[in-house]
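Asks: Make a model of this:
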Amino acid sequence: MDRKLLIVDVAALGWELVQQHGLKLDGLTFRPAESVFPAVTCTVQASFRTGLPPAGHGMVANGLYHRDLRKPMFWEQSSRLVAGRRIWHGLRRGGGKVGVLFWQQSMGEDADVVLTPAPIHKHHGGMIQDCYARPDWLYRELCATLDEPFKLRRYWGPMASGQAGGWIVRAVNVVMGDLRLRPDLCLAYLPTLDYDLQRAGPNSPQAAKAVAELRAQLDYLLAEADKSGYEVLVFGDYAIAEVTRPAVLPNLALREAGLFQTRTIRGMLYPDFHTSRAFAVADHEIAHVHVADAADVGAVRKVLARVAGLGEVLDAGALADRGLCHPNAGELVLVAEAGAWLAYPWWTHRREAPDFATHVDIHNKPGYDPCELFFGWPPMSVSQDRSKVRGTHGRAGEGRRIAWASTFELPGEPKDLLELAAGVKAVLDEAE
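Replies: Prediction:
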């Protein structure tokens, strides 16, 4: 392929945020578009790289409930979790090269260059920071070239910061310039905005600083991309909204109704997904409610309809209308009211919390936990104070548009993320 494209997914790059802070970059004019529903990282990235709605690719949230294991699992990285042909299929079949840097579900992806965090958790505690890389020498050479490893604690947790994005843009620059790599299509992810917009809200001074940091990173990346002969598309995956109401606890309501079961171990309440009749897998402003027996769906819906802060309880018909009807989806899907978000806890007293509640544990918690962005007590634990969270996302429409900009022309005028993906595919296919 004669042309080279760099696609940058910027977490939390919402249209209103761009307008509010007057974000402008040389050669780029931002435009609005609608995201997919739910507007969460894994779902959006799967939709972009397949051009399909969640009903087509099956990545209906950041975490999926695996019915055969009876276990919710968040942030799993196998590319096989995302069904559907990739938009770069024709490019690779024609001999073109593809790079995927820091996108979710990228392990084993149909790509020539892959880089994604893959720490090793030691048996007796602690962690060895590392990244999965293809070619296998890539991460080691990046650490040497950049004079530092990728620091996972800057990518997620109480110490997460825009420094993670700074490392990523420098790594992308190396990949674009290395003649052994130089993918014709390079997809990268920048999390710079995500942390402080969730911690302090999109209207906070911290958000303004994060936007300024992002601007500097994108300015650098655009300049280096131009030197390396890359055209660039920047797009947001979702828009973060201000949290103004208490977190909603659907699992607590289900437990109090006798539908969600727990095991008491040393005074702590652990979930029993084997015997629970219903439970919610919470993910920002949405939650998938899995109901073991179809005969219970009506009763579960009545319980949840009484929970304050829930805006919608979607059934199969509504899920079909939203492009979310897939075997991976719950029998019901909850959507929080504006200003609220959905949390996974089912306990009422701090002493009942499972041990994972006080740690960064993104794979074992049966729900996304933004409290992991804050330190708690005792020292080095994470907070359980849900009132600290000031930003959330997941809803679509209603002022939740994303922003996008490109240095190259796309066919038509994309109005949503799927049209944006289709436009990139058309450019790739035309270049063949």
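Asks: CA only for contacts and neighbour counts going forward, please
Replies: Fine.
Asks: Walk me through the domains of this structure.
Replies: Following automatic domain parsing, the chain resolves into domains at 5-242+396-431, 250-389.
Asks: Tabulate those domains (JSON lines), appending mean pLDDT and mean neighbour count.
Replies: JSON lines is the format used below for the domains of the chain (pLDDT from 0 to 100; neighbours: other C-alpha atoms under 10 Å):
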{"stretch": "domain 5-242+396-431", "mean pLDDT": "96", "mean neighbour count": "19"}
{"stretch": "domain 250-389", "mean pLDDT": "97", "mean neighbour count": "19"}
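Asks: hey, where'd the helices end up in the stretch 201-350 of the chain?
Replies: 205-227, 250-256, 297-305, 316-321 (DSSP state H, counting those that start in this stretch).
Asks: ok, residues contacting the last one?
Replies: Pointing back at helix 316-321 there. The contact list for helix 316-321 (C-alpha atoms under 8 Å, 6 or more residues apart in numbering) reads 325, 331-333.
Asks: Which among the helices of the stretch 201-350 of the chain is found nearest to residue 389?
Replies: Nearest to residue 389, of all those, is helix 205-227, at 13.4 Å by C-alpha to C-alpha.
Asks: Does anything pack onto that closest one? Which helices or strands?
Replies: Secondary-structure packing of helix 205-227 (3 or more C-alpha pairs under 8 Å, 6 or more residues apart in numbering; DSSP states H and E): helix 163-177, helix 194-200, strand 231-236.
Asks: Dump these to TSV, plus distance to residue 147.
Replies: As requested, the helices and strands packed on helix 205-227 are exported to TSV (distance: least, C-alpha to C-alpha, whole Å):
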stretch	distance to residue 147
helix 163-177	10
helix 194-200	25
strand 231-236	26
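Asks: I'd like to know which of those is closest to residue 376.
Replies: Short answer: helix 194-200, nearest of the helices and strands packed on helix 205-227 by C-alpha to C-alpha, at 13.8 Å.
Asks: That closest one packs against which elements?
Replies: If you count contacts as 3+ C-alpha pairs under 8 Å, 6+ apart, helix 194-200 packs onto helix 205-227, strand 391-392.
Asks: And the helices of the stretch 201-350 of the chain: which comes nearest residue 133?
Replies: Judged by C-alpha to C-alpha, the one of these that comes nearest to residue 133 is helix 205-227, at 21.1 Å.
Asks: and the gap between the residue of the chain most remote from its centre and residue 354?
Replies: Outermost residue of the chain with respect to the C-alpha centroid, by C-alpha atoms, centre = their mean, is residue 266; its distance is 33.9 Å. In this view, residue 266 and residue 354 are 10 Å apart by C-alpha to C-alpha, to the nearest Å.
Asks: so which of the helices and strands packed on helix 205-227 gets nearest residue 282?
Replies: Residue 282 sits nearest to helix 194-200 of all those, at 16.0 Å, using C-alpha to C-alpha.
Asks: May I have the beta-bridge partners of residue 402?
Replies: Assessed by DSSP bridges, residue 402 has beta-bridge partners residue 14, residue 33.
Asks: could the helices and strands packed on helix 194-200 be laid out in CSV, adding distance to residue 119?
Replies: Listed next are these as CSV, based on distance: least, C-alpha to C-alpha, whole Å:
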stretch, distance to residue 119
helix 205-227, 25
strand 391-392, 26
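Asks: wait, which of the ones you listed is closest to residue 124?
Replies: Comparing these against residue 124 with C-alpha to C-alpha, the closest turns out to be strand 391-392 (34.1 Å).
Asks: Does anything pack onto that closest one? Which helices or strands?
Replies: Strand 391-392 is packed against helix 194-200, strand 241-242, with contacts defined by 3+ C-alpha pairs under 8 Å, 6+ apart.
Asks: Which strands border that strand, and is each parallel or antiparallel?
Replies: Using DSSP bridges, strand 391-392 pairs in its sheet with strand 241-242 (antiparallel).
Asks: So which residues make contact with the partner strand?
Replies: 201-203, 339, 390-393, 400.
Asks: Quick one: closest of the helices and strands packed on helix 205-227 to residue 296.
Replies: Closest to residue 296 of the helices and strands packed on helix 205-227 is helix 194-200 (C-alpha to C-alpha; 35.0 Å).
Asks: what does the closest one rub up against?
Replies: Outside helix 194-200, the residues touching it (C-alpha under 8 Å, 6+ apart) are 11-12, 160-162, 204, 206-207, 210, 240, 370, 373-374, 388-392.
Asks: thinking again about what came up before, so for residue 261, which of the helices and strands packed on helix 194-200 sits nearest?
Replies: Of all the helices and strands packed on helix 194-200, strand 391-392 sits nearest to residue 261, with 27.9 Å by C-alpha to C-alpha.
Asks: Kind regards, and thank you for your time.
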